[in-house]
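# this one's sequence-less:
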């Protein structure tokens, strides 16, 4: 009869240790560094040139929408050493140090441009949708970091790093292509 309190105490301590380890692992998963491709100055210069062209648009609502989209692309350029949490915060606008803290994705900015500039081009829309794949993957990883489960980040690290580098690069290139095609449509 005296064994039962020790069994319950052992069960309670085991559950407590499991939850403490889980809470620590959440922090580790959220602060994992994403391997991103470094963008050169030419990329930033292309966006700035497109932004200058956008400022020449005569229709104010169209101009403001395109400039907002260009700013959004500039603000979300990832840098070396960015963590999962920082990427998620910068891409979805939850970074409190920015003035455009709206929590909207690139699709939101494209919708504004399409509405204000009267653009109805399915090819551009498809490029916008393609550019959302990697940020949604990062969003799933970020939200999934709270889930209870056993994961081994060391076995698939090399493959995950390749996916991160390819995804971050292709996302930014697709966004640049969308902005360039929008400028061609507006002209």
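Cool, got the structure. Note that the coordinates shown come from a computational prediction; the quantities given were computed from them, not determined experimentally.

# When you work out contacts or count neighbours from here on, use the C-alpha atoms and nothing else.
Noted.

# In this protein, which helix is the longest?
When the chain is parsed with DSSP state H, its longest helix is helix 157-186.

# tell me what that one is packed against?
Taking 3 or more Cα pairs under 8 Å, 6 or more residues apart in numbering; DSSP states H and E as contact, the helices and strands that helix 157-186 lies on are helix 41-54, helix 60-75, helix 122-131, helix 133-144.

# quick one: contacts of the last one?
When contacts are taken as Cα atoms under 8 Å, 6 or more residues apart in numbering, the neighbours of helix 133-144 outside the stretch itself are 29-30, 84-85, 87-88, 91, 167-168, 171.

# Which ones among the residues you listed map onto helices?
Cross-referencing those against helices under DSSP H gives 29-30, 84-85, 87-88, 91, 167-168, 171.

# Now pLDDT, distance to residue 113 and neighbour count too, for those residues, in TSV please.
Compiled in TSV, these are given as follows (pLDDT from 0 to 100; distance: Cα to Cα, whole Å; neighbours: other Cα atoms under 10 Å):
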residue	pLDDT	distance to residue 113	neighbour count
29	82	36	19
30	85	33	19
84	89	29	20
85	88	28	21
87	89	24	24
88	88	23	24
91	83	18	23
167	90	24	22
168	90	23	24
171	92	18	21
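
# Turn these into CSV, including distance to residue 184.
Output for the ones in helices among the contacts of helix 133-144, formatted as CSV (distance: Cα to Cα, whole Å):
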residue, distance to residue 184
29, 42
30, 39
84, 34
85, 35
87, 30
88, 30
91, 25
167, 26
168, 25
171, 20
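
# of those residues, closest to residue 132?
residue 171 (7.1 Å; Cα to Cα).

# Give the closest residue to that closest one in space, chain neighbours not counted.
residue 131 (4.7 Å; Cα to Cα, 6 or more residues apart in numbering).

# For burial, what's the neighbour tally of that neighbour?
Neighbours of residue 131 under the rule other Cα atoms under 10 Å: 25.

# Surely it is in contact with residue 168?
No - contact between residue 131 and residue 168 fails when scored by Cα atoms under 8 Å: they sit 9.4 Å apart.

# can you pull the contacts of the residue nearest to residue 55 when sequence neighbours are not counted?
Distance criterion Cα to Cα, 6+ apart; nearest residue to residue 55, sequence neighbours excluded, is residue 63 at 6.0 Å. Taking Cα under 8 Å, 6+ apart as the criterion, residue 63 is in contact with 54-57.

# okay, now residue 70: neighbour count?
Applying the criterion other Cα under 10 Å, we find 22 residues in the vicinity of residue 70.

# so how far is residue 8 from the residue nearest to it when sequence neighbours are not counted?
Counting by Cα to Cα, 6+ apart, residue 70 lies nearest to residue 51, which is 6.0 Å off, once chain neighbours are set aside. Summarising the geometry, the distance separating residue 51 from residue 8, computed by Cα to Cα, to the nearest Å, is 65 Å.
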